[in-house]
Structure formats: C-alpha cells, structure tokens
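Novice: Have a look; sequence and predicted model below, questions after that.
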Amino acid sequence: MKKVILNFEAAVAKKNIITIMLLFLMDLSLMTACLGGNKKIIGVWEHDSGFMTMQYKFASNGKFVITMEGLGVTGEIPGEYKVVGNKIELIKEDDGDKKVLEFEINGNELTLISSEGTLKLTRQGSTSKAKSDNKSKKSKKLVASEGVKLLETILYKGVLYQKFEYDDQNRITKNTQYEQDGKTVFKTSTFKYNGNILIVSEQTESMTITKTFFREDNLIYKDGPDEYLELNSQNMLVKYTGKFSSDVYNRWETVITFDYKDGNLYKKTVEFTYGEYFEDKYKNKNYEITYTYDDKKSPLYYCKTPQWYLIMFFEWYRVGEAIGVTNNVKTVTFSTIGGEDNPKPYNIFLEYYDDGMMKSMTSDSFDSPMTFLYKTK
C-alpha cells in the first residue's frame with residue numbers, strides 16, 4: 001500500500017481526495033486532546049465504515065496521529081494537540097496549520113462534530129473496561145474476518161450466469177459472464193490494480209476492449225481527459241462527466257451526479273448537453289433514479305474493488321440498477337426531468353440466507369430468480 005504524509009494547503013489546492021478525506025476526519029477528531037485539558041481523550045479511537053478504517057491516536061505527551069486504511073491507500077497525519085473544555089486545537093507537524101473543533105465523550109464513544117457533520121468512534125484500549133470491550137471487539141472482528149463473504153457465483157434461472165475471482169485484498173480480479181446455456185462464455189473481464197491505475201480488459205469472442213482508469217487527486221480519468229469521475233472526501237463517486245463528439249452529431253456531454261444516505265446511493269441524476277443535431281430531439285431526456293434499501297449486507301459488502309467502479313462501470317445486465325454496494329436495493333424509481341415520460345418504478349423481492357446475506361432476487365422486470373452464492377474467507 002502507498003503511504004503518504006498529508007498537507008492541508010496541498011489538499012485544498014490539488015483537491016487530493018485521500019488528503020481531503022483525512023483532513024475532514026481530522027477536523028472531526030480535533031475535538032479531543034490532552035495538553036492541559038480533558039485526559040479522557042488520550043488513547044486510540046477507531047471508526048470502521050466497512051470499506052475504510054480510520055484510527056485516531058492521542059498520546060499523553062500532546063502528540064497525535066490520524067491514520068486511514070482502505071481502498072488500496074493508507075494516509076497519515078501527525079502533529080500536536082491541546083484541549084480547552086470541549087474544544088480541541090490540533091497543530092499539524094509539517095506546516096503548523098491549526099484547527100479548532102468540538103467533541104463529546106460518552107463512555108467509550110467519542111463523537112466528533114464539525115460543520116461537515118458528525119463522526120462516532122469507539123475507544124480501542126486504556127481503561128480496564130475499555131480493554132475488556134476492545135478484547136471483545138477484537139474477538140468479534142476475528143469472527144467477522146473469518147466469516148467474510150465474497151460473491152463467487154450468480155445463477156439465473158438455475159444456470160451459471162456470472163463468476164468472480166478475487167485477490168488477497170478482496171478486490172475483483174476476474175469476472176466471467178455466460179450465455180443462457182450456462183456453459184458458453186460471453187465475456188471475460190480482468191482487473192489489474194497498480195497504485196493509482198486500474199486497467200480493465202474485456203474480452204469477447206470478437207474483440208478485446210481495454211479501459212484504463214487513472215487517479216489524480218480526487219479525479220478518476222477514463223482513457224484520457226474527456227471522461228472523468230469526481231470523488232468526495234470518503235472516496236465515494238459524486239459526479240461523472242463524459243464529453244463526446246463526432247463529425248455527424250457534433251459535440252455532446254453527459255453529466256451524472258450521485259447522492260448518498262447511510263452509505264448507499266439513493267439518487268442518481270443524469271443530464272445531457274447536446275450539439276445542434278441533438279438539441280431538439282433529446283433536450284427533455286434528462287432523468288433521475290432514486291433507490292430505497294433494506295438493512296442487510298449486499299453481495300458486494302466485503303468487496304474492496306473501488307466503489308466508484310462498482311457503481312459507475314460494473315455490468316450486471318439483467319440485474320440492472322438492483323445491486324447495492326452496502327445494503328440491498330428494495331425499490332428503484334425512474335423519473336424524467338423536464339419531460340412527459342414517467343417510467344413506472346419497479347420493486348425488488350429478496351430472500352436471505354440465515355447469516356443475512358442475499359440469497360435470491362426477483363423484480364417487477366424479471367420474475368425468474370437470480371441466486372447468489374458466496375465463498376467464505
């Protein structure tokens with residue numbers, strides 16, 4: 001994993017996504033410190049979002065280190081801190097930049113509050129009770145890690161439909177899709193991860209297409225400058241822009257924005273800007289899709305392939321919009337913006353295994369069950 005020392009000014013200037021995320025989390029964590037103040041802050045606090053772990057270490061000598069691990073990158077912010085009342089001042093080691101925030105401590109839970117929102121963390125040690133809680137938590141984490149469920153096979157109408165292979169970081173390395181006979185390979189996609197670069201090769205009987213995704217700060221470029229994605233401070237996809245042109249159709253642009261609640265995509269808005277050829281025919285074809293979810297883990301919950309790729313580019317075919325990254329989609333509603341069309345929403349019907357993972361799916365658009373099989377790590 002790549003390790004970086006983060007800088008406030010550079011993050012703002014460059015819009016470095018990992019940096020900005022840590023700065024935001026740092027802003028939230030600035031609320032607890034020890035120099036001349038609340039000693040309850042001393043220790044290690046952790047927040048695990050499922051796809052990323054953030055850890056906040058406050059030492060008794062007034063030093064702090066904030067680290068993040070996940071999505072193939074680790075980041076670290078060192079510095080000094082001091083507490084006055086319910087506020088904390090955090091001073092970065094490399095440039096002396098200062099931030100002041102508020103915090104609340106309730107037992108072994110630390111709540112960090114900033115203008116961007118709140119974050120809850122759990123103490124990882126220090127007092128006997130905390131150590132006991134931490135031991136219990138580590139035991140639970142061990143069980144959880146032993147029970148990680150990775151989607152291995154999808155069956156459609158009882159025959160093989162898709163298979164998945166993973167690396168030791170639980171990232172998809174190969175996806176094989178089959179024809180309706182469950183034997184003939186329709187497409188094979190391979191994934192190669194190399195730092196800020198993701199290369200996806202899609203091979204069918206007639207052709208091979210290679211897509212290269214390059215990350216620079218908070219932007220992901222696809223095969224050059226005309227298609228790119230923007231990520232927020234949690235490495236989640238918030239915007240896609242595609243600019244295209246041809247001699248016949250002039251130039252057009254597609255912009256898709258993504259909004260989230262509780263770690264799930266709840267609204268996707270698609271807007272088009274056309275050249276003269278398209279303007280009259282397609283000007284009212286902008287639309288949005290909204291989603292609702294259950295409270296169970298989705299088939300992709302433990303998958304560490306970047307969230308932006310799974311949401312924007314992963315091809316589910318018959319499943320369509322029905323695969324969530326965190327929880328499982330229950331309803332999908334389409335609506336046209338500025339036009340007369342109003343497609344009918346459809347419902348997703350789910351069955352679960354005893355452990356809560358999705359077992360099968362049907363919907364208003366396909367009534368034959370799609371079955372999900374997992375391998376346990």
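Specialist: Happy to help now that I have it.
Novice: Which helix or strand contains T111?
Specialist: Assessed by DSSP states H and E, T111 sits inside strand 109-114.
Novice: Could you grab the helix/strand/coil label for the closest residue to K157 other than its chain neighbours?
Specialist: In this structure, K157 finds its nearest non-sequential neighbour in S368, 4.6 Å apart by Cβ to Cβ, 6 or more residues apart in numbering. (Glycine included, C-beta is placed from N, CA and C.) What DSSP: H, G, I helix; E, B strand; the rest coil gives for S368 is coil.
Novice: Which elements pack onto the strand holding T111?
Specialist: Helices and strands touching strand 109-114, as assessed by 3 or more Cβ pairs under 8 Å, 6 or more residues apart in numbering; DSSP states H and E, comprise helix 17-29, strand 98-106, strand 117-123.
Novice: Check which residues of the second one are buried.
Specialist: Of the residues in strand 98-106, those buried by neighbour count under the rule 16 or more other Cβ atoms under 10 Å are 99, 101-103, 105.
Novice: Columns pLDDT and distance to N286 on top of the residues you listed, output as JSON lines?
Specialist: JSON lines is the format used below for these (pLDDT from 0 to 100; distance: Cβ to Cβ, whole Å):
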{"residue": "K99", "pLDDT": "77", "distance to N286": "40"}
{"residue": "L101", "pLDDT": "76", "distance to N286": "39"}
{"residue": "E102", "pLDDT": "85", "distance to N286": "41"}
{"residue": "F103", "pLDDT": "85", "distance to N286": "43"}
{"residue": "I105", "pLDDT": "88", "distance to N286": "47"}
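Novice: which one of those residues sits closest to T254?
Specialist: K99 (38.0 Å; Cβ to Cβ).
Novice: And P78, how far from I113?
Specialist: To I113, P78 is 23 Å away according to Cβ to Cβ, to the nearest Å.
Novice: hang on, the earlier thing: return the list of strands paired to the strand holding T111, each annotated with direction.
Specialist: strand 98-106 (antiparallel), strand 117-123 (antiparallel) (DSSP bridges).
Novice: Going along the chain, name the strands of the stretch 51-200 of the chain.
Specialist: 52-58, 63-70, 73-84, 87-92, 98-106, 109-114, 117-123, 149-156, 159-166, 172-178, 185-194, 197-203 (DSSP state E, counting those that start in this stretch).
Novice: Pipe these into CSV and attach distance to K261 per row.
Specialist: Below are the strands of the stretch 51-200 of the chain laid out as CSV (distance: least, Cβ to Cβ, whole Å):
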stretch, distance to K261
strand 52-58, 18
strand 63-70, 20
strand 73-84, 25
strand 87-92, 29
strand 98-106, 23
strand 109-114, 19
strand 117-123, 12
strand 149-156, 23
strand 159-166, 27
strand 172-178, 25
strand 185-194, 28
strand 197-203, 27
